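# What shape does this take:
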Amino acid sequence: MTPSIFIATRGSALALAQSNLVLAQCRQHFPALNFELKIIKTTGDKLQSVNLANPNQESTKGLFTKELELALLSGEAAFAVHSLKDLPTDLPSGLHLSAVSEREDVRDVLIYQHANLSAKARGYSPHLRVSDLSSGATIATSSTRRQAQLLAIRPDLKTVPIRGNVGTRIKKLSESDEMDGIILALAGLKRLGYKIGPSGELVGQDVPRGTLATILSLEEMLPCVGQAALAYECRAENKQTNEILRALNHKPTLDCVTAERAFLHAMGGGCLSPVAAYAEIEGDQIRLRAVSFRDATVRRGEQRAGNSEAESLGRGVARLLTV
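Residues are numbered from 1 along each chain as shown. The predicted structure is shown next:
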């Protein structure tokens, strides 16, 4: 019997949905090989009380990746599937980012309750914009990047942290009179089978009645580094695994996230830093937009470079934002 090739993954609904997509691709490209998922609980899964919007509360580096990486180093798994936004720019010795998936939609989504269809004391009409939120409205997010960009548009808003999987967060919103909305990644919603209907209604399994959603523009909300892409991490010397992952790699996405991760590394931050960056292919060039909210100062920058210059592009935009 062919030995199993284990794919390390977290056990959350979103992580499993993503890893099963990868599992299907592996079986399609390499039908003679036997692939299986290996579910591993990470520190981030265990510490549901940690406020990720306050990185000083405790060390958060590798919060959702450390245990998966230990499985790679010990040989328990051949490669790990991560949400790329969770993967630190500095990886353990012997491991590397071998490949990435084709990117999903990078935008964020504002989720809220309908004024007439929910049990909440306060609600809104469909197609709500950030500018339409009530004065002093409270938005839940555990992302410092999202908090900073929201407050840059509407300084009067309040933000609070929220943890849990996607379904849990949507349920918390419907049950709480203290939250006016939450912000989630559109890519995660899509991978879990949620859809936004023509009237702005959020459709999906166990979605509370009266739940609405508005996709935020990139001008309002730049994504975090690597958002909407999946990362495939493995041992650098494992030839078979690297060959498998080359077949799954999406080169345009890899070029873009290489620029974004070089930017983040040059900024000296991790995935929880109050910075955002988005790179996209335009012809034979990469366009990189970024914003930093460090030290209570808003700094924005944009540059273009050839597709082969992704790393230098990222470092160059970082210099723009730190001079």
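# remind me which residues of the stretch 101-250 of the chain are low pLDDT?
121 (pLDDT under 70).
# ranges for the helices of the stretch 151-300 of the chain?
All helices of the stretch 151-300 of the chain, identified by DSSP state H, counting those that start in this stretch, fall at 166-175, 186-191, 239-248, 251-266.
# Packing partners of the second one?
Under the contact criterion of 3 or more C-beta pairs under 8 Å, 6 or more residues apart in numbering; DSSP states H and E, helix 186-191 touches helix 13-29, strand 108-113. Heads up, the C-betas are built off the backbone N, CA and C, glycines and all.
# Pop the domain breakdown of this structure in here.
By the record's domain assignment, the chain is partitioned as 1-101+229-249, 108-215, 250-323 (automatic domain parsing).
# and the end-to-end length of stretch 277-292?
One end of stretch 277-292 sits 9 Å from the other (C-alpha to C-alpha, to the nearest Å).
# buried residues in that stretch?
For stretch 277-292, the neighbour count (16 or more other C-beta atoms under 10 Å) marks 277-280, 286-292 as buried.
# Return the member of those residues nearest to Arg191.
Comparing the buried residues of stretch 277-292 against Arg191 with C-beta to C-beta picks out Tyr278 as the nearest, at 19.1 Å.
# Name whatever forms a beta bridge with the closest one.
Tyr278 has these beta-bridge partners by DSSP bridges: Arg289.
# how about it, what does it touch?
106, 218, 222-223, 227, 260, 288-290 (C-beta atoms under 8 Å, 6 or more residues apart in numbering).
# Please apply the same query to Thr141.
Thr141 neighbours (C-beta under 8 Å, 6+ apart): 53, 147, 150, 159, 161-162, 182-183.
# repeat that for 10 Å
52-53, 108, 110, 147, 149-150, 159-162, 169, 181-184 (C-beta atoms under 10 Å, 6 or more residues apart in numbering).
# Pick out the one among the residues you listed with the largest number of neighbours.
Across the contacts of Thr141, neighbour numbers were computed from other C-beta atoms under 10 Å; Asp108 holds the maximum, 28 neighbours.
# what about Leu72, which SS state?
helix (DSSP: H, G, I helix; E, B strand; the rest coil).
# thought it was touching Gly94?
Yes. At 8.4 Å, Leu72 counts as touching Gly94 under the criterion of C-beta atoms under 10 Å.
# which of those two has more neighbours?
Taking other C-beta under 10 Å, Leu72 and Gly94 do not tie; Leu72 has more neighbours (23 against 13).
# That one: what's it in contact with?
Neighbours of Leu72 in contact, by C-beta under 10 Å, 6+ apart: 6, 8, 78-80, 91-92, 94-95, 233-235, 238, 241.
# switch the cut-off to 8 Å
8, 78-80, 95, 233-235.
# now do Ala17
Counting by C-beta under 8 Å, 6+ apart, Ala17 has contacts 191-193.
# now the residues you listed in CSV, with distance to Gln18 and neighbour count?
Compiled in CSV, the contacts of Ala17 are given as follows (distance: C-beta to C-beta, whole Å; neighbours: other C-beta atoms under 10 Å):
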residue, distance to Gln18, neighbour count
Arg191, 6, 21
Leu192, 9, 18
Gly193, 12, 11
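# Now flag whichever of the residues you listed is closest to Asp132.
Using C-beta to C-beta, these come closest to Asp132 at Leu192, 26.6 Å.
# looking at the helices and strands packed on helix 186-191, which is buried most?
Sort the helices and strands packed on helix 186-191 by mean neighbour count, taking mean count of other C-beta atoms under 10 Å, and strand 108-113 sits at the top with a mean of 26.
# In PDB, please show the C-alpha coordinates belonging to it.
C-alpha atoms of strand 108-113 as PDB (Å, rounded to 0.1, in the frame of the first residue of the first chain):
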ATOM      1  CA  ASP A 108     -13.400  42.600   3.600                       C
ATOM      2  CA  VAL A 109     -17.100  42.500   4.400                       C
ATOM      3  CA  LEU A 110     -19.100  44.600   6.900                       C
ATOM      4  CA  ILE A 111     -21.900  42.400   8.400                       C
ATOM      5  CA  TYR A 112     -24.800  43.900  10.300                       C
ATOM      6  CA  GLN A 113     -28.500  43.400  11.100                       C
END
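# so what does that strand touch, helix or strand wise?
helix 166-175, strand 181-185, helix 186-191, strand 211-215.
# quick revisit: any idea which of the contacts of Tyr278 is closest to Leu313?
For the contacts of Tyr278, the nearest to Leu313 is Leu288 (5.4 Å; C-beta to C-beta).
# and the closest one, what pLDDT?
The model reports Leu288 with a pLDDT of 98.
# separation between it and His250?
Noted for Leu288: a distance of 18 Å to His250, by C-beta to C-beta, to the nearest Å.
# now do Leu72
Distance from Leu72 to His250, by C-beta to C-beta: 21 Å.
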